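In: Here's a sequence, model it:
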Amino acid sequence: MNNGETSTSMVKKYRPLAVAAGIGSILGSGIIVGLSATITVWQNGLGLTNSQVGIISGALTFAIAIGSLLAGQITKSFGLVKSFNWLNLIYAIGALICVFSNNYIMLLIGVIITGLASGADLPISLTVVSHDAPDDKTSASLVSSTQIFWQIGVFMSYVCAFIVSKMAGASGASGARIVFSILAIFALITWAWRTFSTKFRAFHEEGEQRRIDREAASQTTEKVSIKTVFAGANKGRFMAFFFSILIFYVCWNLLANTFGQFQTFTLVQAHASQSFATGAGIVLNFISLLATMAFASVAGGKYRNKFFLVGITVQFLAMLGLAMSSHSLWPIVITIGCYNIGNNIAGEAMYKVWTQEAFPVEVRASVQGFINGFSRVCCGLFALITPALVVPSAIRNTMFGFAAIVFISFVAGLTMMRLEKKHGINNF
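Out: Numbers count the residues shown, from 1 in each chain. Presented below is the predicted three-dimensional model:
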C-alpha cells in the first residue's frame, strides 16, 4: 500500500468487493425469511400437507448447515475464487426450480439446492474479502460491513412478505413465485458481477500475491491446512481461538434465531394484533440495521471492543427486562428493541471479524463454515422446543435462562479479546 493512501481510501477502493460479497448475505437472509413468509402461499398453491410444509422448512435449515460445513471442501476442490464466482449461479438455479415447481418434490429439490449454495457462499465470500484486503484494518471494516447486507435482506423479505399477503388469493402460488424470481434475478446479477469484473480479478491476483509474499517472508515450507493449524506447533493458540469463537457464536445465534423466528409469535402471545406484530418487526429490523451500521463504522478501530462490551451488556439487561415484563406488550416491544441494538453491536459482525483475523486465509472458509453449520444445527434443534418456551406462562423463566446464555457469550467474547491482545492480532 502506498504511503499516501489512507485506510479510509483503501476501504473505499475495495468497497465494491464487499458489496458483491454482501449481496450473498442478502440472498442468504432472503431465502430464510422469504420461504418463511411464503410457505403458506406455497401450501395453498400446491396443495401441500402440514407435514410436507414442515419437511420443506426443515430441509432449508439443514441444507444451509450442510452447505456451510462443506465450504472448506468446496474451496479445496474448486479453488477459493472460482467457488466465490459460481455459487450464486447454483443458488439461482435452485430458486428458479422453485419458481417453476408444480409439486412438492420439485419445490423441495429447489429449496435444498438454494440452501446448499447459500450456506456455502457466506464463509467463502468473507474469506475472499479478507484474502483480497490489503491490510487487517481494511479487512475488519469490509467484513463487518457485509452484516449490513444481511439486515437489508431481512428487511427486503419483510417487504416481500407484505406483497405476498396482498396476493394471497392469487392462484398457483403466484406471490411466492414472484419472491423467488426476485431472489433468482439478484443471484444471477451477482454471479455475473463476481465472475466477469476485471476489477475483482485484479483484487484476487493482488491478494494472492500478498499471501505468497507473506509465506515467503515467514520462510514457511509446510502447506497450511486444517491439520497443520490445529495439530501443529501453534495448536494451543488456534484451539483457544476456535472454542472461544464457537461458544460465543452458538450462544449468540440461539437467541438471534429465536427472536428472528418467534418475535412475532411472542408479541402475539402478549395480545398484540398480527398487523401490530408485523409492523413492529419492520421497525425493530430497521433499528437492527442502524446498529449494524454503527458497529461497521468502528470495526477496524480502537472503539470496537468498547462497542462490544456495551452491546453485550444491553443484551443481558434486555433479557432481564423481558423477564420482569413478561406479560406486558409495550415493555416487551421496548426491551426487544434494546436487544436488537445490543445484538447487532455485539453479534455476528464481530464473530465474522474475529474468524477472519484469527486464522490463516487458507483455512478460514473451513473454520467459519464449520462454526456456521454447527450453530445452525443447534438452532434447528432448539427451535423444536422454542414455541413452548415463549408462551406467557413460561417466558419469565425462559428470559432468565437467555440472560445466562448472554453471560456465557460475554465470557467467551472477553476471552477472545484477551487472546487477540496476547497474540498481537490487533492493537486495541
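In: Tell me which stretches of the stretch 101-250 of the chain form helices.
Out: Using DSSP state H, counting those that start in this stretch, the helices of the stretch 101-250 of the chain run over residues 104-132, 136-166, 174-196, 198-217, 226-231, 235-269.
In: measure W42 to A95 for me?
Out: 13 Å (C-beta to C-beta, to the nearest Å). All C-beta spots, glycine's among them, are computed from the backbone N, C-alpha and C.
In: circling back: closest one to V283 among the helices of the stretch 101-250 of the chain?
Out: Closest approach to V283 among the helices of the stretch 101-250 of the chain is made by helix 136-166 (10.2 Å; C-beta to C-beta).
In: got the angle for the closest one vs helix 235-269?
Out: Counting by axes from the mean of the first three to the mean of the last three C-alpha atoms, to 10 degrees, helix 136-166 lies at 30 degrees to helix 235-269.
In: any idea of the mean pLDDT for helix 136-166?
Out: Mean per-residue pLDDT for helix 136-166: 80.
In: same question, stretch 69-82
Out: 93.
In: what sits up against it?
Out: Stretch 69-82 has contacts (C-beta atoms under 8 Å, 6 or more residues apart in numbering) with 83, 86-87, 116, 119-120, 122-124, 127-128, 131, 204, 226, 363, 365-370, 372-374.
In: Kindly format the C-alpha coordinates of that stretch as PDB.
Out: This file holds the C-alpha atoms of stretch 69-82, laid out as PDB (Å, rounded to 0.1, in the frame of the first residue of the first chain):
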ATOM      1  CA  LEU A  69     -19.900 -27.400   6.600                       C
ATOM      2  CA  LEU A  70     -18.800 -28.200   3.100                       C
ATOM      3  CA  ALA A  71     -17.500 -24.700   2.300                       C
ATOM      4  CA  GLY A  72     -13.900 -25.600   3.100                       C
ATOM      5  CA  GLN A  73     -14.000 -28.800   0.900                       C
ATOM      6  CA  ILE A  74     -15.600 -26.800  -1.900                       C
ATOM      7  CA  THR A  75     -12.800 -24.200  -2.000                       C
ATOM      8  CA  LYS A  76     -10.300 -27.000  -1.700                       C
ATOM      9  CA  SER A  77     -11.800 -28.800  -4.700                       C
ATOM     10  CA  PHE A  78     -12.600 -25.900  -7.000                       C
ATOM     11  CA  GLY A  79     -10.500 -23.000  -5.600                       C
ATOM     12  CA  LEU A  80     -11.400 -20.000  -3.500                       C
ATOM     13  CA  VAL A  81     -12.100 -17.500  -6.300                       C
ATOM     14  CA  LYS A  82     -13.900 -20.000  -8.600                       C
END
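In: same for the helix of greatest length in the chain, what does it pack against?
Out: Criterion DSSP state H: the longest helix present in the chain is helix 7-46. Secondary-structure packing of helix 7-46 (3 or more C-beta pairs under 8 Å, 6 or more residues apart in numbering; DSSP states H and E): helix 50-69, helix 80-99, helix 104-132, helix 136-166, helix 174-196, helix 198-217.
In: weakest of those helices by average pLDDT?
Out: helix 136-166 - the lowest mean pLDDT of the helices and strands packed on helix 7-46, at a mean of 80.
In: mind listing what's buried in that helix?
Out: With burial defined by 16 or more other C-beta atoms under 10 Å, the residues of helix 136-166 counted as buried are 136-158, 160-161, 164-165.
In: tilt between it and helix 104-132?
Out: Using the same axes, to 10 degrees: helix 136-166 against helix 104-132 is 160 degrees.
In: Done for today, thanks.
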